[in-house]
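Peer 1: Only the shape, not the letters, is given here:
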């Protein structure tokens, strides 16, 4: 599974509608409204690199109100939850 983080700039008046539309796209697992230089951050999870182009460029990029996107592809995931699970394997 490939994970990408899509930073989305949207028209200010349409941010809630853009967020909802993006969240409904297959391959998008989460959408966050954030502070900072972008309006929304979407977490995209797909099986193939080719699917990233479909989800991000062909679908997210064409949502009414999206002005621009910037995408980061994740190499490795680290989280407290994953590390705790690894250390608890086989221990009951």
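Peer 2: That came in fine, so what should we check first? Please read these numbers as outputs of a predicted model, since none were measured by experiment. Residues are numbered from 1 along each chain as shown.
Peer 1: all strands for this structure, in order.
Peer 2: Counting by DSSP state E, the chain has strands at residues 2-10, 28-33, 40-46, 66-73.
Peer 1: And stretch 50-69, end to end?
Peer 2: Using Cα to Cα, to the nearest Å, one end of stretch 50-69 lies 17 Å from the other.
Peer 1: What are the buried residues along it?
Peer 2: Buried residues in stretch 50-69, counted by 16 or more other Cβ atoms under 10 Å: 51-52, 55-56, 59-61, 63, 65-66, 69. (Glycine included, C-beta is placed from N, CA and C.)
Peer 1: Can you add distance to residue 22 and give the strands of the chain back as CSV?
Peer 2: Output for the strands of the chain, formatted as CSV (distance: least, Cβ to Cβ, whole Å):
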stretch, distance to residue 22
strand 2-10, 7
strand 28-33, 5
strand 40-46, 5
strand 66-73, 8
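Peer 1: Compare those and report which one is nearest to residue 20.
Peer 2: strand 28-33 (8.1 Å; Cβ to Cβ).
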